[in-house]
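J.: My questions concern the predicted model and sequence given below.
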Amino acid sequence: MKVAFILPGIGKKHNEKYLKSWLMEPLTIAVLNKLLPKKYDRVFYDDRIENIDFDTDADVICITVETYTAKRAYEIADRFRKKKKIVVMGGYHTTIVPEDVRPHCDIIIRGNAEKLIKQVFSDIEKKKYKDEYTGETCIDYGIPDRSIYQDKMKRYLPIALVETGRGCHHNCEFCSISAYYKGTYHHRKIKDIIEEIKLTKRKIVFFVDDSIFSDKKFAKELFKEVEKLKIIWVTQVTLDVAVDEELLKLMRKSGCAMILIGFESINPKNLKQMNKEWNAKLGQRDELVEKIHKAGISIYASFVFGFDYDTEESFEKNLEFCKKHKFFVTAFNHLLAFPNTNTYRRFEKEKRLLSPKWWLEDNYTYGTISYKPKLLTTEELSELCRQYKKKFFRVGFIFKRWFALIKRNRNPLLHCVFWYMNLLLHFEVDKRIGIPVGHNLDEEYK
Ligand code: B12
Ligand code: SF4
C-alpha cells in the first residue's frame, strides 16, 4: 500500500511566488512520516512549492487541514476521491470543526495521531475502517523523520522546527490552541528533543510550542541540556516568562535569542474580554518587557486589533509602545473568528459574523474582515492594520531598532536574522493583503 502526504497551500496571487515567510519546513509531515509503519511506501507533495501529482499510484491520500488551507484541501480531496482514492484528513481544522471536513474525506482524524495511525492503516488494509477516529493528546513520537522532504529542504527557510510540548495552560477566547487542547499541556522526552536538534544540524531552532514553560520544571531542565548544543533558538511564550528571573537566565544561557509574545492588546478591557486579563495583572508591562530585554532576549511582539474597545487610537498607542521598546519585529494582525473558538461563538450569538464559513467563501482573501467590529468599520480595521505595519517596518525605524539590538545581543547570526526578517516583512506587507485564500495552485508551478 502506498500513502501520499499532502500539505495544502493557502494560496497565492497570480504570477507571484508563495510567501517566503510562510515557507517553513512542514514538521507535521515529518511527524506523520515517523508514525506511519515502515512497511508502507510513501510520497509527499508540498502544495506551496510544487504540483501535486493527481495521477499518483498512492492508494491513500493523507491531508493536513488548517482553517486557512481548508478550501484548498477540500478541492484536492474531492479530486482524489473522484479517482477512488481513500482520503484521510487530520489537523487543527479537522479536530475543531469536523462537520466542515466530513463531506470531503473517507476518514477523519481528530486530535493527535500518535496512538491512532497504526490502527487506522491496519483497518484500511482490512477494508474495515471507521469514518472517524479520535486521538488522545500524546506527543511520544521519538524523533520525526524528515527524510520525506529532504530533497525540498533548500526551498524552506533554514530554520529547524522542533516541538518540545503541545497545548497551553491558558484559555484565551480567540485561540485555536485552546479549542484543540482545552487548556491541557503535554511535553516530549528531553533526550528525544536534544537528539532531534543534533540531527537537524541547524544553527537556528524554532521551538514551535505555544507556551514553552507551561511546565516550568521541565522547561528549566530542557534549557540546561539545550545550552550544551550552542544553538540559537526562538519560541512563543506568554509575558509571565518575565516574572521568573531564573527561567529567563536559563533561556538566555541556552541560546534563546527571541521570543514571540502575544500581547494582543494593551487595553485592559480588551484583555478582559478575551480572557487574557492575567496578562495585564502580572505587573507593569513596561517593566516586564525591560526585564526580558535586559536578559538579552529580543521580542517579536504580536498584537491583534478589532476587539470591542479598539479604535484608531489603539493603533497609535500600540505603535508608541513598540517605539518605546524597539521590538525585534511585530505582527499587527486583525482579529479572526476561528471556528469553534469562544470568540466565534460570541460573534455568532451577537449576530456579528458576516459570513459564518468565511474560510470557504469564493472571494475571501487574506486580510478580509469577516465579522462586524464594534467601533471601526471592516474597511477601517483592515486598512489600519496595513498602515501601522508599514509604519513599524519603515527603513528608518528598522535602523533604530537595530541599534537597540546591538546593545542587547551581539550574536552575528541573530543580526542576520534581524535584517532578513525585517526586510522580508517590510516588502511583504502589501504582498499579504489580498492573497486569495484557497486559490487553485495547480497551474502555477508548470
Ligand atoms: C510552525 C507554525 C507555523 C509556521 C509554518 C507552518 C507550516 N505549515 O509549515 C508559520 C510561522 C509559517 C505559520 C504560519 C501561519 N500559521 Co501557523 N502554526 C505553526 C505552529 C506553531 C506549529 C505547527 C506544527 O508544526 N505543529 C506540530 C505538529 C506535529 O502538530 P500538528 O500539526 O497539530 O499535527 C498533529 C495532529 O494535529 C495530527 N495531524 C495533523 N495533520 C494531520 C493529517 C492527517 C492525515 C492525520 C492522520 C493527522 C494529522 O497529527 C499530528 C501528530 O499528532 C502551529 C501551532 C501548533 N503548536 O501546532 C500554528 C498554527 C497551525 N498556525 C496557525 C495560523 C493561523 C497560521 C497563519 C494563518 C497565521 C497568519 N495569520 O498568517 C499562517 C498560515 C501559514 C500556512 N499555513 O502556510 C493556527 C491554525 C489555526 C487553525 N484553526 O487552523 C495555529 C494552530 C496557531 C494558533 N495559535 O492558532 N505557522
Ligand atoms: S496563551 Fe497563547 S497559546 Fe495559550 S491560549 Fe492564549 S493565545 Fe492560545
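T.: Good, I have the coordinates. Ligands and ions are numbered 1, 2, ... in the order given.
J.: residues touching H186, list them.
T.: Under the criterion of Cβ atoms under 8 Å, 6 or more residues apart in numbering, the neighbours of H186 are T137, C138, I139, G165, R166, G167. Where C-beta positions appear, they are placed from N, C-alpha and C, glycine not excepted.
J.: in stretch 48-63, what's buried?
T.: Buried residues in stretch 48-63, counted by 16 or more other Cβ atoms under 10 Å: R48, I49, I52, T56, A58, D59, V60, I61, C62, I63.
J.: So for the residue sitting nearest the centre point of the chain, what's the pLDDT?
T.: Nearest to the mean C-alpha position of the chain, counting by Cα atoms, centre = their mean, stands V208 at 7.6 Å. The confidence metric pLDDT takes the value 97 at V208.
J.: So it is in contact with G165, correct?
T.: No: in terms of Cβ atoms under 8 Å, V208 does not count as a neighbour of G165; the distance is 9.8 Å.
J.: What residue, apart from its backbone neighbours, is nearest D41 spatially?
T.: Of all residues not flanking D41 in the chain, K2 sits nearest, at 4.1 Å (Cβ to Cβ, 6 or more residues apart in numbering).
J.: Pull the contacting residues for the one you found.
T.: For K2, the contact set (Cβ under 8 Å, 6+ apart) comprises Y40, D41, R42, V43, T56, D57, A58, D59, V60.
J.: ok, now K182?
T.: Residues near K182 by Cβ under 8 Å, 6+ apart: N171.
J.: Next, give phi and psi for it.
T.: Main-chain dihedrals, K182, degrees, to the nearest 10: phi 50, psi 50.
J.: give me phi/psi at the residue of the stretch 201-350 of the chain at minimum distance from ligand 2?
T.: Closest to ligand 2 within the stretch 201-350 of the chain is D210: 3.6 Å, counting by Cβ to the nearest ligand atom. Per-residue torsions, D210: phi -90, psi -20 (degrees, to the nearest 10).
J.: about what we covered before: what's the farthest-apart pair in the contacts of K2?
T.: By the measure Cβ to Cβ, Y40 and T56 form the most distant pair in these, at 13.9 Å.
J.: show me the contacts for L229.
T.: With Cβ under 8 Å, 6+ apart, L229 has these contacts: I194, I197, K198, G255.
J.: just the strands in the stretch 101-250 of the chain please.
T.: Along the stretch 101-250 of the chain, the stretches classed as strands by DSSP state E, counting those that start in this stretch are 107-111, 132-135, 160-162, 165-167, 185-187, 204-207, 232-237.
J.: what pairs with the closest residue to ligand 1 within the stretch 1-150 of the chain across the strands?
T.: Nearest residue of the stretch 1-150 of the chain to ligand 1: G90, at 2.6 Å (Cβ to the nearest ligand atom). As for beta bridges, G90 partners with T64 under DSSP bridges.
J.: Would you confirm that it contacts V65?
T.: Yes: taking Cβ under 8 Å as the definition, G90 is a contact partner of V65 at 7.2 Å.
J.: Between those two, tell me which one has more neighbours.
T.: Taking other Cβ atoms under 10 Å, G90 and V65 do not tie; V65 has more neighbours (31 against 27).
J.: ok so, going back, OK, contacts around the residue of the stretch 1-150 of the chain closest to ligand 1?
T.: Contacts of G90 (Cβ under 8 Å, 6+ apart): C62, I63, T64, V65, I108, I109, R110, A113.
J.: again, only using 10 Å
T.: Residues near G90 by Cβ atoms under 10 Å, 6 or more residues apart in numbering: 28, 32, 62-65, 101, 105, 107-113, 116-117, 120, 133, 135.
J.: What's the per-residue pLDDT of it here?
T.: At G90, pLDDT is 98.
J.: try the one 10 residues further on
T.: Looking at D100, its pLDDT reads 98.
J.: and ligand 1, which of the buried residues of stretch 48-63 contact it?
T.: By Cβ under 6 Å from any ligand atom, the members of the buried residues of stretch 48-63 lying near ligand 1 are C62, I63.
J.: what's the single longest helix in the chain?
T.: For the chain, the helix with the greatest residue count under DSSP state H is helix 412-432.
J.: Check which helices and strands that helix sits against.
T.: Contacts defined by 3 or more Cβ pairs under 10 Å, 6 or more residues apart in numbering; DSSP states H and E place helix 412-432 against strand 204-207, strand 232-237, strand 256-264, strand 298-305, strand 329-334, helix 378-392, helix 395-408.
J.: what's the neighbour count on K130?
T.: Residues contacting K130 under the criterion other Cβ under 10 Å number 11.
J.: Please look at it and I107 and confirm they touch.
T.: Yes: counting by Cβ atoms under 10 Å, K130 touches I107, with 7.3 Å between them.
J.: what do these two both touch?
T.: Shared contacts of K130 and I107 (Cβ under 10 Å, 6+ apart): V120, D123.
J.: picking up where we left off before, write the ChimeraX selection for whichever of the contacts of G90 are buried.
T.: Per 16+ other Cβ under 10 Å, the buried members of the contacts of G90 correspond to this ChimeraX selection:
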select :28,32,62,63,64,65,101,105,107,108,109,110,111,112,113,116,117,120,133,135
